[in-house]
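*Asks:* below: sequence and its predicted model.
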Amino acid sequence: MSGGEFDIRTWLVGASYLVAATLFLLGLQRMASPATARSGIHWAGVGMLLATAATFLLPGLHNLPLIVVALVIGTVAAWISGKKVAITDMPQMVALYNGMGGGSAAAIGAVELLRFSALAQGGEVAVAGPGVVVLTLAVLGSAIGAVSLSGSIIAWAKLDGRLDKRVVFPGQQAFNLLVALAMAVLGVLAATTLQPWAIVAFFLVALLLGVLMTLPIGGADMPVVISLYNAFTGLAVSFEGYVLGNEALIIAGMMVGAAGILLTRLMAKAMNRPISGVLFGSFGGGGQAQEITGSQKPIEAGDVAAMMAYAERVVIVPGYGLAVAQAQHKIWELAQRLIDRGVKVKFAIHPVAGRMPGHMNVLLAEAGVPYDLIADMDDINPEFPTTDVSLVIGANDVVNPVAKTDPASPIYGMPILDVVESKNVVVIKRGKGTGFAGIENALFYADNTRMLYGDGAEMASALVSELKALDGGGH
């Protein structure tokens, strides 16, 4: 009877994991389009719920009360934080949650390695010890997960303004290489000797490496870093899934890892940056940066409204400042009024606008902007020379022309939106500060650029009001 029950439970768990994996895959596929992304998240969520529930049917499962308590705490904390988090803080939350995933994988590896160590101390490894593949994947998954955990925490601190965007010191890369070699040596010792001291030292050095890897990476590279650590977490989860013999972790981890790697490559390509350049280098060729001449020329909302109202083509370029000001709804209202007047309006999105991939797309979708009005960098750049007015709100580094003209600039070589080639450029900006990369923007000093100083939402409202006045106080 017990044997039959065991078989049925095992079959149910396997079948549930298969269905969950299918839901993960379909959900991921639907996330590829803004029109179906929301349902894709729901599908993947149902898959995760099914996989979690099925895990309780695994034979020989221990510590059930602790598992339930952990699930309740995690669910409540995630629900509350997810409801409260502002859209401007979403990148920080993504970085933290990603780090938690890597930390969970590292914790699994630590528990398994210490369990193997206890078996070795009791002389049981020779009889029922882990194989070479299991030990290798346990160490690899632990290393990747630990690096992702500490690296993601540093990325969170940078995104949240709690840490300088770049922390560098002489001989940094050579020192990091030595730490990486030390981690590799300790990993081999941990796997071959299963000594507790080697396992603990291995994890401490892996955590240190994650910190050291992320400290020198600048703000302009942060979207790539977030995506890369997401891929790391997926791989770590998959490796530890093999160690546990858990098919759901293997499949889900490989999906996350593969998607993260592809996204990282796309992000790096969009910035014209090799992954090695993100992790081990910096933008630009060094030297003295070119001096920016000219002055920032202010303009009033009424003049901007008139300029846009009688334009033939207008391009709106949103950035992180749009999220800070929560101005997406007013900007869409402004665009609608222009469209009603017969103006051709488009939104231009740089691949790394904001603090993480897709940040601006989420904002515009929240405001109800149709997908066919949103253009990516490659499609919109040829249209800027024939654009009458480009309205930049909150974007900074992604429209900075020094990326093309100054080899000494930290962002030199990064493809940008060619806003400067428009006939007229209006920049909505709260003040005269620099962007996330910490450098001055030559666009603000260009002859065809005017600065509309003020809060993004307030200035967008002012433009809407001015357009209403031009329309004779219409709707």
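*Replies:* That came through fine.

*Asks:* who does the nearest residue to residue 374 once chain neighbours are set aside bridge with?
*Replies:* Leaving aside its chain neighbours, residue 374 sits nearest to residue 347 (4.8 Å; criterion: CB to CB, 6 or more residues apart in numbering). C-betas here are computed from N, CA, C, even on glycine. Beta-bridge partners of residue 347, counted by DSSP bridges, are residue 316, residue 374.

*Asks:* you'd agree residue 347 is up against residue 361?
*Replies:* No: proximity of residue 347 to residue 361 does not meet the contact threshold set by CB atoms under 8 Å, at 9.5 Å.

*Asks:* shared neighbours, these two?
*Replies:* residue 374 (CB atoms under 8 Å, 6 or more residues apart in numbering).

*Asks:* can you measure across stretch 56-63, start residue to end residue?
*Replies:* 11 Å (CA to CA, to the nearest Å).

*Asks:* same check, this time on stretch 367-382
*Replies:* Using CA to CA, one end of stretch 367-382 lies 27 Å from the other.

*Asks:* could you pull out the buried residues of that stretch?
*Replies:* By neighbour count on 16 or more other CB atoms under 10 Å, the buried set for stretch 367-382 is 367, 369, 374-375, 377, 380-381.

*Asks:* one step back: just the pLDDT for the residue nearest to residue 374.
*Replies:* The model reports residue 347 with a pLDDT of 95.

*Asks:* run a quick neighbour tally on it.
*Replies:* 23 (other CB atoms under 10 Å).

*Asks:* quick one: contacts for it?
*Replies:* 315-318, 335, 364, 369, 373-375.

*Asks:* kindly reformat these as JSON lines containing pLDDT and distance to residue 132.
*Replies:* Conversion of the contacts of residue 347 to JSON lines gives the following (pLDDT from 0 to 100; distance: CB to CB, whole Å):
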{"residue": "315", "pLDDT": "97", "distance to residue 132": "58"}
{"residue": "316", "pLDDT": "96", "distance to residue 132": "57"}
{"residue": "317", "pLDDT": "95", "distance to residue 132": "54"}
{"residue": "318", "pLDDT": "93", "distance to residue 132": "52"}
{"residue": "335", "pLDDT": "95", "distance to residue 132": "60"}
{"residue": "364", "pLDDT": "87", "distance to residue 132": "51"}
{"residue": "369", "pLDDT": "91", "distance to residue 132": "54"}
{"residue": "373", "pLDDT": "93", "distance to residue 132": "56"}
{"residue": "374", "pLDDT": "91", "distance to residue 132": "50"}
{"residue": "375", "pLDDT": "91", "distance to residue 132": "52"}
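
*Asks:* turn the residues you listed into CSV, including distance to residue 171.
*Replies:* Below are those laid out as CSV (distance: CB to CB, whole Å):
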residue, distance to residue 171
315, 45
316, 45
317, 40
318, 40
335, 51
364, 44
369, 48
373, 50
374, 45
375, 44
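
*Asks:* between the residues you listed, which is closest to residue 441?
*Replies:* residue 317 (12.5 Å; CB to CB).

*Asks:* circling back to that earlier point, out of the buried residues of stretch 367-382, which are inside helices?
*Replies:* Among the buried residues of stretch 367-382, DSSP state H puts 367, 377, 380 in helices.

*Asks:* and these, which is closest to residue 121?
*Replies:* residue 377 (58.1 Å).
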